[in-house]
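In: Build the 3D model from these lines:
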Amino acid sequence: MYIDRQVYQKIEKQKDNGKVTILIGARQVGKTTLLRKLFQSLSDTNQCLFLDLDVFSDYEQVSTYEDLIHTLKLKGYREKQQETFFLFLDEFQRGADISRVLKAVVDHHQNIKIYASGSSSLAISEKIQESLAGRKRIIRVYPLNFIEYLHFRHRQDLVAELVNLVNVQADNLPKLMPEVYRELQLFMVFGGYPEVALVDDEEKKEVLRSIFDLYVKKDLVDFLKIERIKNAKTLIQRLAVNHGQETRYNRLAQVVGIDEKTVKNYLEILKETFIITVHSPWFTNPLKELVKMPKVYFFDAGVRNYFINNFNELDVRDDASFLFEGYVISELIKAGVETERIKFWRTKNRREVDVILDVDGRVRPVEIKYKNVIGRSDTLGLRRFVDMYPDAEKPVLVTWGSNLSNDEVIVSPPFNLGTLGTKKGTDLFS
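Out: Numbers count the residues shown, from 1 in each chain. Predicted coordinates for the structure are as follows:
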């Protein structure tokens, strides 16, 4: 049964723009499902063709411009027809020269609309940087956000509670909304891959294992020699242990047994295949603030916990605060905040703020605390930042279970976090 995703409407709206719409994202996040849903919706009233380019016989049908046009004509396409023919290409990065073929189609056939998907933005960028310049629209598909996760768990009743939360001001939300918080804990342990959300708890680990196995076989081997896969796995495991902490490239190089340049190359591959996100320090004066070491987070908590083999509940974990921090950052990105707009701040005398949102020239500090009862000491970093940068927007404190704001800070519970850095909905920048 298809369960709607928030990104679907964005994809559907692309059907009349005459560009190649490319869905990119990690394997198993639902790109194929979204394409097939749109294919089924359009095929009732339009000419449509869906091809999986991982299947060689499908790839052969579109491997050249001439073959592609002949294939479409066999399906009823006519070059002078008024109506649009919709072509769906799953895993299109598998084709070595497919971007040149798509360029020719876009340039010469305004009545053909192409949707394509791929699992590696690095591979896609290499193929389309020049050939599809000005002819493409890229849509990123991520694992489920928490609201989508609740829909996949068929907990629309809990979604309604979150909608009604706007009418409640309290510092004991976990007691008022116990089932919401139970689901949030599961989400922070097992993550938001659609299949993981759909299966029973005892099956979730096996699904995560199969996702990573497919990632190694289909993505890592595209960029690394087989003998280097072991090094890459060791690096991933080390990053998982250090999730949410500042990263020293030279230390990683020593642990993994590779040079620092190779570490940086591997990190780029992991980032562009949607395993990790990398966040730089925010600074205006590099003499006063630390500027060298980034923080690395796993995009999905389930993937991270798979690599450290820890699926324990949050209340018995010593890394719960890091998981919570990663959850907040992931939700921001899923809501549309660009990764490079999410930074952190730390001075040499150890004052710090977990997140600095730098959006449209405006800066907002955001502190993340995995606790219910908030004291004045929890806002020291925020107050120091505002003292140093008085033009900054009012600071935000994201807490586990309170939403009691005060004159100094906006206190936010861990829901609807996209409003912290976008202009959609209730914009905290306004």
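In: lowest confidence element among the helices and strands of this structure?
Out: helix 121-128 (a mean of 61; mean pLDDT, DSSP states H and E).
In: Please, where are all the strands along the stretch 101-250 of the chain?
Out: 112-118, 136-140 (DSSP state E, counting those that start in this stretch).
In: which of those strands sits most buried?
Out: strand 112-118 (a mean of 25; mean count of other C-beta atoms under 10 Å). In this view, the C-beta of every residue, glycine as well, is placed from N, C-alpha and C.
In: Would you give the sheet partners of it, along with the direction of each?
Out: Sheet pairing for strand 112-118, assigned by DSSP bridges, gives strand 20-24 (parallel), strand 85-90 (parallel).
In: could the strands of the stretch 101-250 of the chain be laid out in a markdown table, adding distance to Phe85?
Out: Below are the strands of the stretch 101-250 of the chain laid out as a markdown table (distance: least, C-beta to C-beta, whole Å):
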| stretch | distance to Phe85 |
| --- | --- |
| strand 112-118 | 5 |
| strand 136-140 | 18 |
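In: Between those, which one is closest to Lys371.
Out: strand 136-140 (31.9 Å; C-beta to C-beta).
In: can you list contacts of the closest one?
Out: 7, 10-11, 14, 17, 19-25, 128 (C-beta atoms under 8 Å, 6 or more residues apart in numbering).
In: Kindly recompute the last result at 10 Å.
Out: Residues outside strand 136-140 that contact it (C-beta atoms under 10 Å, 6 or more residues apart in numbering): 7, 10-11, 13-14, 17-26, 29, 31, 34, 99, 102-103, 106, 114-118, 121, 124-125, 128, 132, 274, 333-334, 336, 339.
In: can you check stretch 215-229 too?
Out: 26-28, 54, 91, 93-94, 119-120, 122-123, 212, 230-233, 236, 258, 262, 265-266, 268-270, 272-275, 303.
In: just how off-centre is it within its chain?
Out: 21 Å (C-alpha atoms, centre = their mean, to the nearest Å).
In: tell me how far the ends of it are from each other?
Out: The first and final residues of stretch 215-229 sit 11 Å from each other (C-alpha to C-alpha, to the nearest Å).
In: Return the set of buried residues in it.
Out: Tyr215, Lys218, Asp219, Leu220, Phe223, Leu224 (16 or more other C-beta atoms under 10 Å).
In: from those residues, which ones fall inside helices?
Out: Judged by DSSP state H, helices contain the following of these: Tyr215, Phe223.
In: Which strand or helix spans the closest residue to Thr247 other than its chain neighbours?
Out: Take Thr247 and drop its neighbours on the chain: the residue closest to it by C-beta to C-beta, 6 or more residues apart in numbering is Val296, 4.9 Å away. Val296 belongs to strand 295-298 when assigned by DSSP states H and E.
In: pLDDT of the next helix or strand after that strand, averaged?
Out: With elements assigned by DSSP H and E, the helix or strand that comes after strand 295-298 is helix 301-308. What helix 301-308 shows for mean pLDDT is 95.
In: and the residue nearest the centre of the chain, what does it touch?
Out: In the chain, the residue lying closest to the centroid (C-alpha atoms, centre = their mean) is Tyr142, at 4.1 Å. For Tyr142, the contact set (C-beta under 10 Å, 6+ apart) comprises 5, 7, 25-26, 29-30, 148, 192, 274, 299-300, 330-331, 333-335.
In: Could you rerun that using 6 Å?
Out: Residues near Tyr142 by C-beta atoms under 6 Å, 6 or more residues apart in numbering: Lys334.
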